[in-house]
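Undergrad: sequence and predicted structure are below.
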Amino acid sequence: MAAIVFPAKRHSVLPGFGLALGFTIAYLSLIVLIPLSAAFLKTFTLTFDQFWAAVSAPRVVASYKLSFGAALAAAAVNAVFGLAVAWTLVRYDFPGRRIVDALVDLPFALPTAVAGIALAAVYSTNGWLGAPLAAMGLKVAYTPVGVFVALAFIGLPFVVRTVQPVLEDLDRELEEAAHSLGATPAQSFLRVVLPAITPALLTGFTLAFARALGEYGSVIFVAGNMPMVSEITPLIIITKLEQYDYAGATAVAVVMLVASFVLLLAINALQAWTRRRQGERT
Amino acid sequence: MEITAQDAFPETLPHPSDLRIPLAPLLVAGAAAIYLVLFLLVPLAAVFHEALRKGAEAYLRAVSDPDALSAIRLTLIAAAIAVPLNLVFGVAAAWAIAKFDFPGKSLLVTLIDLPFSVSPVISGLIYVLVFGLQGWFGPWLAEHDVRIIFAVPAIVLATIFVTFPFVARELIPLMQAQGREEEEAAALLGASGWQTLWRVTLPNVKWGLLYGVILCNARAMGEFGAVSVVSGHVRGLTNTLPLHVEILYNEYQFAAAFACASLLALLALVTLALKSWVERKARS
Amino acid sequence: MIRTTAFRIATAALALGATLAHADVTLLNVSYDPTRELYQEVNKAFAAQWEAKNKEKVTIRQSHGGSGKQARSVIDGLEADVVTLALAYDIDEIAERSKLLSAGWQKKLPQNAAPYTSTIVFLVRKGNPKQIREWDDLARPGVGVITPNPKTSGGARWNYLAAWAYADGKYKGDTKKTEEFVQSVFRNVLVLDSGARGSTTTFVERGVGDVLIAWENEALLALKELGPGQFEIVVPSVSILAEPPIAIVDKVVDKRGTRKVAEAYLQFLYGPEGQEIAAKNFYRPRDAKVAAKYAAVFPKSSLVTVDASFGGWQKAQKTHFADGGSFDRLYQPAIKAAGK
């Protein structure tokens, strides 16, 4: 990184390119890239066999299934209900709408540890929601279901916030036209609205998924942490660390980092698609 | 005779959403309401309920306990360092990305977003690998008696990492959408780079900037996972408020734990209020 | 440049904090999970005694967590003046991996460097509805067991070895039958927290499980603090003598110049006042007089030792808790069999 040559730019009349880009790259390298590379470098001290053994151990694979599975399920639920919330906020007016709108961002602003102990308190078998659910035979806290609930909580704002602006911009005339041509409200929704908001919906879903994948603080209090059953991948990393298995911890971390990076690329692509779609319609 | 759009679609034509069967809005709004109550309001209410379980006096004692106060102080210090640094970075990155074209721009944007998708545990782990006694700089640091890992500097670094992209992510699309004409005009009229930045660009993005700072601050004060890995959990010294909540929770002092948690929840609510206010200002 | 500035600010803040107490001495005691209350009391008493004798103020800072986790932190650079952990193996690891203290640390203090001992008991709910009296009952289907994770918690490792010792005695050394027994106990485990305190919280506060396998001191503390009358202690016929050791971290105290205070601090734990505080906090004191005074608190049972029954901690760790050891081998199939 030290031997960087500033890339050529089209001649611009604005000053400060070198300073701004230089500072950006230096800060990025120092804070993000170089420390992240430590994880990869540590992993390279393993032979491929050792690496594979570490990341494909049954317990680790079980944690992937849980982390990925619960994150996927949580993001899906957030997609459906987040759409409902966004729709309600955009299309209907009711007293307290502004407050509800602001509250949607609570999972952004609330520290994960606070969310964790609150969810553990609420969903344990003697908690406000956990008790009635337990009476119905559904145990939430300390099970994979608890993990799902925590991940749904923290992913809640993502779909709402990506779909809301698109819904607001949606041209009502299209729906009016569909209606006047005889479409039922359901058809109008499926054929007119849904295609228009699909890029944003997918973006929100992927954002919620990416966020849920690495989540630790809110899950750790409400998961059972049982290996093979309710142990999330970040916890495995910590457990390996506590057993002095640095290389094993970084091996699993590298798997997660690669997954995160792929998701990030997907999110950026989806956001570009959304912007293009919106640009087309205006 | 001209037929205008007004004739084709007279204003008396009912709007599709009004024609919807009354059941549908009820279902949708109802589903939204249940979702929000279950996943948002109930946990929030639980925090305050549990915090006040032993009464107001116990609450006040819990939040004024010396270890709690030093946890609050450390949280504030970490945020006070992380937020301005990431603010400066956000402005610099947005300036470079929005006002100029160069190859590798989209890669740079993706890299800036990276901390957002990295698990907090990994965010802490990498600093242990760099500064820990068994890591790159550990032995050198120990020799020179410089304490980074398991001390305040590591906590600050981990906080900077997890809040890294917040300001940049707000500013970049905003500055891109605003274009370069104003800045170019200012430059052509003889303004220096700093003058252009200060007098032209920043006033245009001030609400986005504020928005990013508010989000950055909320995350900085609430970060748990990354800080948990690099803190030594030394009471009264290297515990931020979220870590202190965990410690109290582990010592059977549940009311006290929730009392400190309620401080963080209040901070979250204040953050939300500020956010709405900024959004409204930006829109007008 | 910015980073250096930030670093300078942070160092200045630290220095400010340090200068505010420059005439005083601080020690860092890195301890395991359940000793929070114990050391709160010990530290206050020791500070008072030291100030009276030496006219110097000493502040002892504490860090608590699962024993293995704490050892790892010290290895990674957490500057502990003394370590007071759950089992000797964890301090051995610190000695071996970081060379911060010598390998012969355990001989430097009396009685295996353990001024107090404890053992493993069961905590059950009031009335003992599931009629749990012995280790056999933990292996019964339908009984929910709570124990921390042996991979991270010292207490959990004592739990595991105690169960193993019982089965070994019952099946007269038949390893296969012993393994099956331990496996059936773990088939019943509902939640694996990373530390002893987490397990106690799960059992007591969250109402999960029928029996908690716990340090005796944790169980007695839970009875006192959390629910007098809500729980009962059941003492199994066979248990293990747990000797949580303490040690001075040589390189750190020499660098910080705190050796004298640190040594006095550890000696305090062996003295009459320290032993009394330990007993009051439900740790079995070594001192015969104090032990006699508190004999009624600590029930009698047959206690095996890790040295006699398991060949010492190095061997026990390798056989049972290292990667590929008995816990790894028994645990996964146990979960699969339970159909979880």
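TA: Sure thing, it's come through. All of these numbers come straight from a predicted model, not from anything done at the bench.
Undergrad: by contact count, what packs against the longest helix along chain B?
TA: Using DSSP state H, we find that the single longest helix of chain B is helix B:66-99. Where contact means 3 or more Cβ pairs under 8 Å, 6 or more residues apart in numbering or on different chains; DSSP states H and E, helix B:66-99 is packed against helix A:17-28, helix B:105-117, helix B:152-162, helix B:166-178, helix B:206-222, helix B:241-250, helix B:254-283, helix C:2-19. No exception for glycine: its C-beta is placed from N, CA and C like everyone else's.
Undergrad: mind putting those into TSV with mean pLDDT and mean neighbour count?
TA: Output for the helices and strands packed on helix B:66-99, formatted as TSV (pLDDT from 0 to 100; neighbours: other Cβ atoms under 10 Å in any protein chain shown):
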stretch	mean pLDDT	mean neighbour count
helix A:17-28	91	19
helix B:105-117	86	18
helix B:152-162	93	27
helix B:166-178	86	21
helix B:206-222	88	23
helix B:241-250	88	25
helix B:254-283	88	20
helix C:2-19	54	13
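Undergrad: check contacts around residue B:122.
TA: By Cβ atoms under 8 Å, 6 or more residues apart in numbering or on different chains, the residues touching residue B:122 are A:39, A:214, A:234, A:237, A:253, A:256, A:257.
Undergrad: my read is it is in a strand, agree?
TA: No - checked against DSSP: H, G, I helix; E, B strand; the rest coil, residue B:122 lies outside a strand; its state is helix.
Undergrad: in the stretch 51-200 of chain B, what residue is nearest chain A?
TA: In the stretch 51-200 of chain B, the residue that lies nearest chain A is residue B:119 (2.7 Å; Cβ to the nearest Cβ).
Undergrad: just checking, that residue touches residue A:216?
TA: Yes - look at residue B:119 against residue A:216 with Cβ atoms under 8 Å: they come within range, at 6.3 Å.
Undergrad: what is in contact with those two at once?
TA: Any residue near both residue B:119 and residue A:216 by Cβ under 8 Å, 6+ apart counts here, and that gives A:234, B:225.
Undergrad: closest to chain B out of the contacts of residue B:122?
TA: Nearest member of those to chain B, counting by Cβ to the nearest Cβ, is residue A:214, at 2.7 Å.
Undergrad: give me every residue that touches the closest one.
TA: So residue A:214 contacts A:234, A:256, A:260, B:117, B:118, B:119, B:120, B:121, B:122 (Cβ under 8 Å, 6+ apart).
Undergrad: what's the helix or strand for the first one?
TA: Per DSSP states H and E, residue A:234 falls inside helix A:233-242.
Undergrad: distance of the residue positioned nearest the centre of chain C relative to residue C:141?
TA: With distances taken as Cα atoms, centre = their mean, residue C:86 lies nearest the centre of chain C, 3.2 Å away. For residue C:86, the distance to residue C:141 equals 31 Å [Cβ to Cβ, to the nearest Å].
Undergrad: and what of residue B:119?
TA: Separation of residue B:119 from residue C:141 (Cβ to Cβ): 37 Å.
Undergrad: who's more crowded, these two?
TA: Taking neighbours as other Cβ atoms under 10 Å in any protein chain shown, residue B:119 and residue C:141 compare with residue B:119 leading, 25 against 8.
Undergrad: and the helix holding residue A:234, what does it pack onto?
TA: Short answer (3+ Cβ pairs under 8 Å, 6+ apart): helix A:233-242 packs on helix A:58-91, helix A:246-281, helix B:120-131, helix B:225-230, helix C:67-76.
Undergrad: out of these, which gets nearest to residue B:168?
TA: Among the helices and strands packed on helix A:233-242, the nearest to residue B:168 by Cβ to Cβ is helix A:246-281 (13.8 Å).
Undergrad: can you tell me which residues in the stretch 51-200 of chain B are near chain C?
TA: Neighbours of chain C within the stretch 51-200 of chain B, by Cβ under 8 Å from any Cβ of the partner chain: B:77, B:81, B:85, B:88, B:128, B:131-135, B:138, B:141-142, B:145-147, B:149-153, B:156, B:160.
Undergrad: what's around residue A:135, how many residues?
TA: So residue A:135, with other Cβ under 10 Å, has 9 neighbours.
Undergrad: next one: phi and psi at it?
TA: Main-chain torsions, residue A:135, degrees, to the nearest 10: phi -60, psi -30.
Undergrad: re earlier: quick check: the residue of the stretch 51-200 of chain B closest to chain A vs residue A:237, distance?
TA: 8 Å.
Undergrad: okay, and the common contacts of those two?
TA: A:253, A:256.
Undergrad: close to chain C: what parts of the stretch 151-282 of chain A are there?
TA: Within the stretch 151-282 of chain A, the positions lying close to chain C (Cβ under 8 Å from any Cβ) are A:224-229, A:238-239, A:241-245.
Undergrad: recalculate using a threshold of 10 Å.
TA: A:220-231, A:235, A:238-246, A:248 (Cβ under 10 Å from any Cβ of the partner chain).
Undergrad: got any ranges where the stretch 101-250 of chain A has weak pLDDT?
TA: Under the criterion pLDDT under 70, the flagged ranges of the stretch 101-250 of chain A are A:227.
Undergrad: could you pull out the helices for it?
TA: A:106-109, A:112-123, A:130-135, A:144-169, A:172-180, A:185-188, A:194-213, A:217-220, A:233-242, A:246-281 (DSSP state H, counting those that start in this stretch).
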